[in-house]
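Participant: Sequence first, predicted model second:
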Number of protein chains: 2
Amino acid sequence: MAKVKKQPRPKAETPKGFRDYFGAEVTQRKAMLDRIAAVYHRYGFDALESGAVETVEALGKFLPDVDRPNEGVFAWQEEDSGWLALRYDLTAPLARVYAQHRNDLPTPYRRYAMGPVWRNEKPGPGRFRQFYQCDADTVGAASVAADAEICAMLADVLEELGIPRGDYVVRVNNRKVLDGMLETMCYPPDAGLGKDNPTVRQSIEGALKHTAEKTVRENMPAILRTIDKFDKVGEAGVIELLTNGRKDASGAFIEGVGLLHEEAQAVVRFLTSKADDASTTLSNLRGAVGQSELGLEGVQELETIAELLAKQGYGPDRIVIDPSVVRGLGYYTGPVFEAELTFEIKDEKGRPRQFGSVAGGGRYDDLVKRFTGQAVPATGVSIGVDRLLAALQAKGRMEDHAAGPVVVTVMDRNRMGDYQAMVSELRAAGLRAEVYLGNPKNFGNQLNYADARGAPVAVIQGSEEAARGVVQLKDLVLGAKIASEASLEEWKAQPAQREVPRDQLVATVQAMLAGGAA
Amino acid sequence: MAKVKKQPRPKAETPKGFRDYFGAEVTQRKAMLDRIAAVYHRYGFDALESGAVETVEALGKFLPDVDRPNEGVFAWQEEDSGWLALRYDLTAPLARVYAQHRNDLPTPYRRYAMGPVWRNEKPGPGRFRQFYQCDADTVGAASVAADAEICAMLADVLEELGIPRGDYVVRVNNRKVLDGMLETMCYPPDAGLGKDNPTVRQSIEGALKHTAEKTVRENMPAILRTIDKFDKVGEAGVIELLTNGRKDASGAFIEGVGLLHEEAQAVVRFLTSKADDASTTLSNLRGAVGQSELGLEGVQELETIAELLAKQGYGPDRIVIDPSVVRGLGYYTGPVFEAELTFEIKDEKGRPRQFGSVAGGGRYDDLVKRFTGQAVPATGVSIGVDRLLAALQAKGRMEDHAAGPVVVTVMDRNRMGDYQAMVSELRAAGLRAEVYLGNPKNFGNQLNYADARGAPVAVIQGSEEAARGVVQLKDLVLGAKIASEASLEEWKAQPAQREVPRDQLVATVQAMLAGGAA
């Protein structure tokens, strides 16, 4: 046999844009998702877990985020069965699952799903190619009661996670209102005639060249993309972008959509039509949509949502009608909602800023149409898992799941069985405990190990202590405090170490943990 | 613009070998994994979650299961960064993680990991291309105390899941004993000379043509593969397969490994050397390995494991030394272990059979060598998630997580707010509840929906009941019982329905659920 050429060693590296999660990074996220799942379950939503892999055909080629045309999926060709791909969100698989199993599923079908999704896009700081999503959707319910329910559930989720009322708000808007308003712009109500009169239509199209219905329809994606920047560029910026264009901070010129100035102002009036109370907001919106049937339907839906929520006690301190919610307006077809955390955190430069959005969703009324040809109404929400977890950590709402184990050191390797018996007893009492399993020769290494593990207590028993039937207990939390605060003499006195009879090991450790750090 | 040709509708299908998991299928598995994780945590193991995707280079090309040479991975080529692949197990990523982060990780490093893995192999009944694994490994501990700990933890896991002592056993074997015994076969101790004497070596090689050390080494994979079939083909079968070959049930002839009959018998003696107590088993093994240093080391390791476990109270009713554990002997380098459920279940033909293996593992002492060049000892266990879950379900050990919600029906769509208020109150009391969100026109559909949801109670309030301030509560559990047992007249009397004042809704439903089915 010819000698195989020696291969160079492989690099031990995560692929670009992927990362590993250790210890508390895993358990804190899990604890958060568990509590969210409990709320979803209480609302009657059922768990669904589809595979990570879908056929490219079933997945479809287009991603929902209008702003990222370059993003893609991880896909590969199978020898016998065409192209497969990793799911890029949890909605596309829901569409496939519902179309495939619709005869066996209840209608309406409420389902939640949590798990990783994959995006084959350029990774950046804090932006990975695998990340978690956490969705709840109701399929097959045309009533806006389904949308109201999602909003209430979102509020419950945030409170369940320890975010108090006042520190969050769920904002609700409706795509139909925007569409209706744009309709009105083309056929202003003060023309005194409806859009159905072809003569008027002609003359208006002549007068407002760029905003004839056709033009607005064509411009719709650009208008929606521009509105999406409202949070970033503000009123004046949006007006510039909707009309003749705008120089951005870097000095680059961004071309405008080409609306007339008064049309752009109408759009901004819509975006800023939120008043102190829902009924004034709704009346502002009614003014904005004029005679548009679609617009009025949208306002009516918002009114129904507000009424349903009020009946359940979700007042404007928790859920508000707010036409400035623009995220996803291009994707959704009816009500849209967004959950925002309103408390301040410090940004990287130490300046206070609001935490911002942690969840968003809305109604999309043709979920399974591409599979079955039938339009099926659906509405749902997706929680930004990483952002919400960061918020909870910033607010100190996550338990310290990283609590280190009690470490039993090995002074005499022939008595490993005795040390194992100690950890067994500690565990039987519900404590987290482990014996040192490295080479026990260097005792300093064992204490370094206990430090690295975040151990609250180290247990020490040499042959001399064993003969006397005692153990030494080293309080590492107190020890660290003394080490950082005490003089050498004080440190040497080691008051953080005590000797107890062997049979009081468990009780003493329990007492030390109860009295010590969290 | 040219008209785009209409695409045919995509099929709503999972890719071949993938499946969807609904409701209790998801939550029961999750509940089981949560309880396992709690035990792992108590033993000082830390969670690790690596991405689903690894570079093919880091993953390596070879899978551990010797028996499945055709199985592969899902892999694809990236434009700029080479080949990526979905992980096929949780051990290969652990090797990469440990090599990459070893300076920041404690040594020894105890970690657990749970999650899906992917195999690009031919799917079959009950055999999917995505499935869960649940592993715990200790990296960097050469001492067999680490192996003993894994065995104890495995026993604790099974009891924590509700499998009583006596219904499971953890069996321990050691690859080194087998290797030592095969060494002895080449250079039998009664030759009176060691293997280091080249003259003796020559003459033995001449006498036992097929079993010269070289031949045994070459045959080792075949011998291990054959031993792996011990459970299936029994003593006589293994002897046939190790010698001249065997006709299987279908009449096909499987070629033999080519050992002499007495050599094959020695192998079987090893496999069956388990006695009633550990010390007799160990003494049998000592006899089998003769002068082989490796074999004696293996026996000594088993003895140490037995002693350590005995010190912690894990007697042979829970963990036994058993040389018939052969699974994975080709993969592992030292102790191997297997957890078996010993209670009987009925097979598909109604015959009683033992449930069998639900977890396995062992020591593999070159985990990160391909990355760093350094051998790092490691030992670990992998739980067969689907099999163990099936066992718990067979034993009735899983709670019914599929408990359906209380369904509030919609008699009057203008009073949706009132119905939403009812579910809000029920949820606030901790009950799972939902309002019917489909088209309420056909009331029969609503009750069918409640049935499909497994709802225990349906709440009904028409305008007449609303005016009187009452609700109707339909006990669907009792109703189903009556429907299946009662006559038409009895059924019509509907004793499973009662009327209560609106303000007693929550209390009454609570009482009905407490008194009703689990």
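Facilitator: Nice, I can see it.
Participant: count of residues packed around A:E348?
Facilitator: A:E348: 5 surrounding residues under other C-beta atoms under 10 Å in any protein chain shown. All C-beta atoms are positioned from the backbone trio N, CA, C, and that covers glycine.
Participant: helix/strand/coil for it?
Facilitator: The assignment at A:E348 comes out as coil when based on DSSP: H, G, I helix; E, B strand; the rest coil.
Participant: next one: A:A31
Facilitator: Counting by three-state DSSP, the backbone at A:A31 sits in helix.
Participant: Can you give me the pLDDT of it?
Facilitator: On pLDDT, A:A31 comes in at 94.
Participant: ok, now the one 10 residues further on?
Facilitator: Per-residue confidence for A:H41 comes out at a pLDDT of 95.
Participant: Skipping its backbone neighbours, what lies nearest it in space?
Facilitator: Computed as C-beta to C-beta, 6 or more residues apart in numbering or on different chains, the closest residue to A:H41 that is not its neighbour in sequence is B:R432, at 6.3 Å.
Participant: Could you check stretch A:41-61 and say which residues are buried?
Facilitator: A:41-60 (16 or more other C-beta atoms under 10 Å in any protein chain shown).
Participant: now A:L242: how far from A:T304?
Facilitator: The gap separating A:L242 from A:T304 is 30 Å, by C-beta to C-beta, to the nearest Å.
Participant: In terms of neighbours, single out the busier of the two.
Facilitator: In this view A:L242 and A:T304 are compared by other C-beta under 10 Å, and A:L242 has more residues nearby, 26 against 18.
Participant: which residue sits closest to that one, ignoring its sequence neighbours?
Facilitator: Using C-beta to C-beta, 6+ apart, the nearest residue to A:L242 is A:A264, at 3.8 Å.
Participant: Let's see which of the buried residues of stretch A:41-61 end up in strands.
Facilitator: Assignment to strands by DSSP state E places the following of these there: A:46-49, A:53-55.
Participant: So which of the residues you listed is the closest to B:V410?
Facilitator: A:D46 (20.1 Å; C-beta to C-beta).
Participant: Just give the closest residue to the closest one, not the sequence neighbours.
Facilitator: Using C-beta to C-beta, 6+ apart, the nearest residue to A:D46 is B:G23, at 4.4 Å.
Participant: do the same with A:Y40
Facilitator: A:Y112 (4.1 Å).
Participant: can you tell me the helix or strand for the one you found?
Facilitator: strand A:109-118 (DSSP states H and E).
Participant: helices and strands around that strand, which ones?
Facilitator: helix A:24-42, strand A:46-49, helix A:91-101, strand A:130-139 (3 or more C-beta pairs under 8 Å, 6 or more residues apart in numbering or on different chains; DSSP states H and E).
Participant: Just want the angle from it to helix A:24-42.
Facilitator: Angle, strand A:109-118 to helix A:24-42, by axes from the mean of the first three to the mean of the last three C-alpha atoms, to 10 degrees: 160 degrees.
Participant: Give me the angle between strand A:109-118 and helix A:91-101.
Facilitator: Going by the same axes, to 10 degrees, strand A:109-118 makes 130 degrees with helix A:91-101.
Participant: tell me the mean pLDDT over strand A:109-118?
Facilitator: Averaging pLDDT residue by residue across strand A:109-118 gives 97.
Participant: now that strand, how far from the centre of its chain.
Facilitator: On the basis of C-alpha atoms, centre = their mean, to the nearest Å, strand A:109-118 sits 12 Å off its chain's mean C-alpha point.
Participant: Return it as CSV; C-alpha atoms alone will do.
Facilitator: The C-alpha coordinates for strand A:109-118 follow below in CSV (Å, rounded to 0.1, in the frame of the first residue of the first chain):
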residue,chain,number,x,y,z
TYR,A,109,-54.3,26.3,14.5
ARG,A,110,-52.4,28.1,17.2
ARG,A,111,-48.7,27.0,17.3
TYR,A,112,-45.5,28.1,18.8
ALA,A,113,-42.0,27.2,17.7
MET,A,114,-38.5,28.0,19.1
GLY,A,115,-35.2,27.1,17.7
PRO,A,116,-32.3,28.1,15.6
VAL,A,117,-32.5,29.5,12.1
TRP,A,118,-29.7,30.1,9.6
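Participant: and it, which strands flank it?
Facilitator: strand A:46-49 (parallel), strand A:130-139 (antiparallel) (DSSP bridges).
Participant: Dump those to JSON lines, plus mean pLDDT.
Facilitator: Listed next are these as JSON lines, based on pLDDT from 0 to 100:
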{"stretch": "strand A:46-49", "mean pLDDT": "97"}
{"stretch": "strand A:130-139", "mean pLDDT": "97"}
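Participant: For A:R415, find the nearest of the ones you listed.
Facilitator: Using C-beta to C-beta, those put strand A:130-139 closest to A:R415, at 45.5 Å.
Participant: For stretch A:497-513, which outside residues touch it?
Facilitator: Contacts to stretch A:497-513, defined as C-beta atoms under 8 Å, 6 or more residues apart in numbering or on different chains, come from residues A:406, A:422, A:425-426, A:429, A:431, A:456-457, A:459, A:461, A:465, A:469-475, A:479.
Participant: one more time with 10 Å, if that's ok
Facilitator: A:403, A:406, A:408, A:418, A:421-422, A:425-433, A:456-461, A:465-466, A:468-479, A:496 (C-beta atoms under 10 Å, 6 or more residues apart in numbering or on different chains).
Participant: quick one: A:R225 and A:G330 touch, right?
Facilitator: Yes. Counting by C-beta atoms under 10 Å, A:R225 touches A:G330, with 6.7 Å between them.
Participant: Looking at these two, which one has more neighbours?
Facilitator: Neighbour comparison, A:R225 and A:G330: the larger count goes to A:G330, with 20 against 16 (by other C-beta under 10 Å).
Participant: So that one lies in a helix, does it not?
Facilitator: No. A:G330: not assigned to a helix; according to three-state DSSP it is coil.
Participant: Nearest residue to it in space, please, no chain neighbours.
Facilitator: The shortest distance from A:G330 to any non-neighbouring residue, by C-beta to C-beta, 6+ apart, is to A:L224 (3.7 Å).
Participant: ditto for A:G72
Facilitator: Excluding the flanking residues, the one nearest A:G72 by C-beta to C-beta, 6+ apart is A:N120, at 4.3 Å.
Participant: Report all helices and strands that the helix or strand hosting A:G444 contacts.
Facilitator: Counting by DSSP H and E, the element that carries A:G444 is helix A:443-452. The contact analysis (3 or more C-beta pairs under 10 Å, 6 or more residues apart in numbering or on different chains; DSSP states H and E) places helix A:443-452 against strand A:406-408, strand A:457-460, helix A:476-485.
Participant: ok, residues contacting it?
Facilitator: Residues from elsewhere that reach helix A:443-452, judged by C-beta under 10 Å, 6+ apart: A:404-411, A:434, A:436-440, A:442, A:455-460, A:462, A:474, A:476, A:479-480, B:104-109.
Participant: swap the cut-off to 8 Å and go again
Facilitator: Residues contacting helix A:443-452 (C-beta under 8 Å, 6+ apart): A:404, A:407, A:409-411, A:436, A:438-440, A:458, A:474, A:476, A:480, B:106-107.
Participant: and if you look at stretch A:22-33?
Facilitator: For stretch A:22-33, contacts defined as C-beta under 8 Å, 6+ apart pick out A:21, A:114, A:132, A:134, A:161, A:385, A:388-389, A:392-393, A:398-402, B:41, B:46-49, B:101.
Participant: how far does that stretch sit from the chain's center?
Facilitator: Per C-alpha atoms, centre = their mean, the displacement of stretch A:22-33 from the mean C-alpha position of its chain is 14 Å.
Participant: where exactly do the helices run in the stretch 101-250 of chain A?
Facilitator: In the stretch 101-250 of chain A, the helices defined using DSSP state H, counting those that start in this stretch lie at A:145-160, A:175-186, A:198-207, A:213-227, A:230-242.
Participant: which of these has the lowest average pLDDT?
Facilitator: Taking the mean pLDDT of these, helix A:198-207 comes last: a mean of 46.
Participant: From the centroid of chain A, which residue is nearest?
Facilitator: The centroid of chain A falls nearest to A:G384 when counting by C-alpha atoms, centre = their mean (1.0 Å).
Participant: quick one: it and A:D347, what's the gap?
Facilitator: For A:G384 relative to A:D347 (C-beta to C-beta), the value is 18 Å.
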